[in-house]
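Asks: Kindly return the folded structure for what I paste below:
(4 chains)
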There are 2 protein chains.
Amino acid sequence: MSADRKPYHRETEDTRRQALITATLALVAEGGAQAATVRAIAQKAGVTAGLIRHYFQGKDQLIAAAYGHLMTRMTADSAADLSKAPHDPTARLAAFVAAALSPPVVDGQALILWATFLQETHRDPAMRQTHAQTYLAFRDQLQSLIADLPALKGAQDPRRLAIACNAVIDGLWMEGCALPEAFALGELVEIGLRAVGAILGTDLSGQGMRDLAQTTDANKKVKT
Amino acid sequence: MSADRKPYHRETEDTRRQALITATLALVAEGGAQAATVRAIAQKAGVTAGLIRHYFQGKDQLIAAAYGHLMTRMTADSAADLSKAPHDPTARLAAFVAAALSPPVVDGQALILWATFLQETHRDPAMRQTHAQTYLAFRDQLQSLIADLPALKGAQDPRRLAIACNAVIDGLWMEGCALPEAFALGELVEIGLRAVGAILGTDLSGQGMRDLAQTTDANKKVKT
DNA sequence: CTATCAATTATCCAAATGCATAATAAGGCC
DNA sequence: GGCCTTATTATGCATTTGGATAATTGATAG
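Replies: Now for the predicted structure:
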């Protein structure tokens, strides 16, 4: 009567943690927080539920780890192209904006993930810290790129400019994630470059659109 | 042994529905979606859990009703000052932006509520419809205000301008909700007016800041 | 004052959930 | 090849949740 035990083989701690985190993100993206039960996570990760407690103190800690993983990945994706971007400050800023408004940063699942985790941010102090860190890191990076622009030699308040530009990017990111079919390919980037350029009094469209081709191509590779 | 039954008096259908919706919103704002259990909602509304099923088909329908209530309230708040705003198109746009970036629209609980409901939007078709309606309604209103501006007589694509301005407002709204302590009083409005003005090539700051006083006063009254 | 109706409460239930603990086997070491 | 560690599975449990149904009571009409 006793059914056979599930066969398995042992994996690295890192492998298992990663599998559990990936499964958590996938489930949350598909069906919201309520879909990410310990049993569902374990099944999607190809293990049994008990193993979660073996690698994490509890479900909450796994959720927090998944959130950190997501945010790290998103900020890394936004800054990825920056390393191979030219030294011209204007072009660098344009590349940054373009990357933040293209896949894989702009992604239908990303918004749900972000929104789902946002509420947890208010209860769990660890998640709140992750939130504040990644959020301000992004804005600081943007502010630093803006400060490097030759056009505005301390003319205006760089903090407020960064806040405004960050708002444009965030807002467009949201729209692009929520209503992807409402925008033509590259339209979001163009709107973003024009808006940020207008706020800063600098023309970014030329620079940005030139980089868009390689940016999009690179992202296509990542997407598949 | 049998404890006394809870005394009660009958209320209007509208009163009870409203009480349940208010309780739902309060709970979600406090502790996220998971805090809004039927029992908790009923307790906060001063009734017993069974009554929820008497006025709503189920918990999901109550959640959807609460979401609709929230979105209706927020869009109404954004457009409230518009009715008593001057006829000057520039001033009207400035008033609209200022209202969207001031309390009660900008509110710490509003962001959590919005984020929490966003994920439900993906499962429940009714909620998705509410989402699309309120979202596009806001953007259409903004686009119509922009189109009335004398400065850009069909010069540029009004749709893209509206998208960009909407993004600024959304992004600043998020920042203001998430990190209210990071902005001085009226700073968010000023940043928003400057950014929107820059995108549209029109000066809004003068108009907007002049209106800010009455706007803020009016909102203070609403807040209490 | 009484009968009636439905608004409201009370009780029960099946399912799901997170967690704890016991059982087992996979893989490395000697 | 046998043993030992522990990664992994299997089982059980208390709690919670949403929903169904029965019991009761407050109001209203006649």
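
Asks: Using the three-state scheme, assign the residue nearest to residue A:170 when sequence neighbours are not counted.
Replies: Spatial nearest neighbour of residue A:170, chain neighbours left out: residue B:171 (3.8 Å); criterion: CB to CB, 6 or more residues apart in numbering or on different chains. All C-beta atoms are positioned from the backbone trio N, CA, C, and that covers glycine. At residue B:171 the chain is in helix, as set by DSSP: H, G, I helix; E, B strand; the rest coil.

Asks: Around residue B:171, count how many other residues there are.
Replies: 24 (other CB atoms under 10 Å in any protein chain shown).

Asks: wait, isn't it in contact with residue A:162?
Replies: No. Under the criterion of CB atoms under 8 Å, residue B:171 makes no contact with residue A:162, lying 11.7 Å away.

Asks: can you pull the contacts of the residue nearest to residue A:170?
Replies: Residues in contact with residue B:171 (CB atoms under 8 Å, 6 or more residues apart in numbering or on different chains) are A:166, A:167, A:168, A:169, A:170, A:171, A:174.

Asks: And residue A:177, by the same measure?
Replies: Per CB under 8 Å, 6+ apart, neighbours of residue A:177: A:106, A:107, A:108, A:110, A:111.

Asks: Could you tell me which of the residues you listed are located in helices?
Replies: Using DSSP state H, the members of the contacts of residue A:177 that fall within helices are A:108, A:110, A:111.

Asks: quick check: domain ranges of chain A?
Replies: A:9-56, A:60-223 (automatic domain parsing).

Asks: Does the longest one reach DNA strand C?
Replies: Yes. Where contact is defined by CB under 7 Å from any atom of the strand, part of domain A:60-223 touches DNA strand C, namely residue A:60.

Asks: and the residue in chain A that DNA strand C sits nearest to, backbone torsions?
Replies: At 2.7 Å from DNA strand C, residue A:9 is the closest residue in chain A, using CB to the nearest atom of the strand. Backbone torsions of residue A:9, given as degrees, to the nearest 10, read phi -130, psi 150.

Asks: filter the contacts of residue A:177 to the buried ones?
Replies: A:106, A:107, A:110, A:111 (16 or more other CB atoms under 10 Å in any protein chain shown).

Asks: Between the ones in helices among the contacts of residue A:177, which sits nearest residue A:71?
Replies: Closest approach to residue A:71 among the ones in helices among the contacts of residue A:177 (CB to CB): residue A:110, at 10.5 Å.

Asks: so that closest one sits right up against residue A:74, yeah?
Replies: Yes. The pair residue A:110 and residue A:74 passes the contact test of CB under 8 Å, sitting 6.8 Å apart.

Asks: quick one: residue A:158 and residue A:145, what's the gap?
Replies: 10 Å (CB to CB, to the nearest Å).

Asks: Check chain A for its longest helix and report it.
Replies: Every helix in chain A considered (DSSP H), the longest is helix A:59-83.

Asks: Just after that one, pick out the following helix or strand.
Replies: Next helix or strand after helix A:59-83 toward the C-terminus (DSSP states H and E): helix A:89-100.
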